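Undergrad: Task: produce atomic coordinates for the following.
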Amino acid sequence: MTRQSGFARSGKADIYYEETGEGRAVVFCHAGVSDRRLWDPQFSAVLPDHRYVRSDMRGFGTSEWVPEPYSPHRDILAVIDHLGLEDMILVGCSMGGRAVLELATTIPERVAGILVSGSGLPGWEPEDGGYTPPQWSNLDPLWEAEDWDAIARIDAEVWAIGVGREESEVDPGFIAKMMEMDIGPIKTEFERDKYMTWMEPPIAGRIDEIEAPAVVVVGEHDLPDLVTSTAHLANRLGAERHVLPGTAHLPSLETPEQFNQVLETFLRSF
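TA: Now for the predicted structure:
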């Protein structure tokens with residue numbers, strides 16, 4: 001199937017996007033440890049009568065980092081406006097899922113449904129103080145040394161391998177691809193954090209504004225806080241929640257067969 005690509009201007013940044021197929025638009029928003037390639041398996045299996053769109057957030061993939069105040073959902077909205085999309089389904093993972101939630105409250109009249117994967121409920125805090133991956137205690141000297149490979153390796157341990165399983169249980173090709181996507185954005189992470197803004201108050205205070213049908217997905221080996229918070233998110237949205245076995249934070253890439261089953265069932269419900 002033919003793919004088209006281009007750039008949409010958001011502030012001073014050019015946001016790269018790709019699209020394929022014809023019909024109802026489905027907009028895919030990637031996680032903060034990946035880029036648009038997170039959705040490669042979905043773009044290889046486009047449903048008939050659907051138009052799939054994905055982009056690289058600024059500082060990721062083909063979208064260069066431009067230092068200025070910005071928000072992820074506004075950059076994605078620039079692509080949506082550039083393509084003139086209406087009545088769309090939004091699909092987001094992790095940071096991309098948070099952007100999807102913010103888009104659903106910003107342009108509710110243009111959003112037909114949302115699917116979020118590995119996304120918590122910003123503004124909600126676990127009563128026990130939460131879970132901190134032990135690997136994060138090793139990060140400071142690596143940042144000081146600009147050891148990007150080692151940082152990407154730790155990210156892979158936390159997000160690709162996850163909690164409650166060994167590296168030997170995970171496809172090494174999947175781990176390598178996550179690290180390949182992650183290593184570029186790592187280099188601008190601190191600067192991006194200085195400029196990036198999210199909605200205030202956090203989305204937990206506005207979640208009741210989202211009336212579109214929703215589905216929530218999380219991998220069984222994702223961080224415990226995300227497994228728990230997705231239950232709260234699904235409850236607040238009145239959404240179905242799917243805990244996918246044998247995967248961690250990036251099920252659309254690691255276990256695309258089961259992720260696609262959830263996605264395609266949702267898309268066919270419209």
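Undergrad: residue boundaries of the strands in this protein?
TA: Under the criterion DSSP state E, the chain contains strands at 3-10, 13-21, 24-29, 50-55, 88-93, 111-117, 214-219, 240-244.
Undergrad: Export the ones you listed to CSV and append columns for mean pLDDT and mean neighbour count.
TA: Using the backbone N, CA and C atoms, a C-beta is placed for each residue, glycine as well. Shown next, in CSV, are the strands of the chain (pLDDT from 0 to 100; neighbours: other CB atoms under 10 Å):
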stretch, mean pLDDT, mean neighbour count
strand 3-10, 96, 15
strand 13-21, 98, 20
strand 24-29, 98, 25
strand 50-55, 98, 24
strand 88-93, 98, 27
strand 111-117, 98, 25
strand 214-219, 98, 27
strand 240-244, 98, 18
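Undergrad: Could you export these as a markdown table, including distance to Trp39?
TA: Shown next, in a markdown table, are the strands of the chain (distance: least, CB to CB, whole Å):
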| stretch | distance to Trp39 |
| --- | --- |
| strand 3-10 | 12 |
| strand 13-21 | 9 |
| strand 24-29 | 4 |
| strand 50-55 | 5 |
| strand 88-93 | 8 |
| strand 111-117 | 11 |
| strand 214-219 | 14 |
| strand 240-244 | 16 |
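Undergrad: among those strands, which is nearest Glu189?
TA: Closest of the strands of the chain to Glu189 is strand 13-21, at 16.3 Å (criterion: CB to CB).
Undergrad: how much does that closest one deviate in direction from strand 24-29?
TA: 140 degrees (axes from the mean of the first three to the mean of the last three CA atoms, to 10 degrees).
Undergrad: Just list what strand 13-21 packs against, helices and strands only.
TA: Applying 3 or more CB pairs under 8 Å, 6 or more residues apart in numbering; DSSP states H and E, one finds that strand 13-21 contacts strand 3-10, strand 50-55, helix 72-83.
Undergrad: Just the angle for that strand relative to strand 3-10, thanks.
TA: Here strand 13-21 runs at 150 degrees with respect to strand 3-10, directions being taken by the same axes, to 10 degrees.
Undergrad: What is the neighbour count of Trp136?
TA: Trp136: 11 surrounding residues under other CB atoms under 10 Å.
Undergrad: quick revisit: same list (the helices and strands packed on strand 13-21) but as JSON lines, adding distance to Glu146.
TA: What follows is the helices and strands packed on strand 13-21, written out as JSON lines (distance: least, CB to CB, whole Å):
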{"stretch": "strand 3-10", "distance to Glu146": "28"}
{"stretch": "strand 50-55", "distance to Glu146": "28"}
{"stretch": "helix 72-83", "distance to Glu146": "25"}
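Undergrad: Of all these, which one comes closest to Met199?
TA: With CB to CB, the closest approach to Met199 among those belongs to helix 72-83: 7.9 Å.
Undergrad: Having no further points to raise, I will conclude here.
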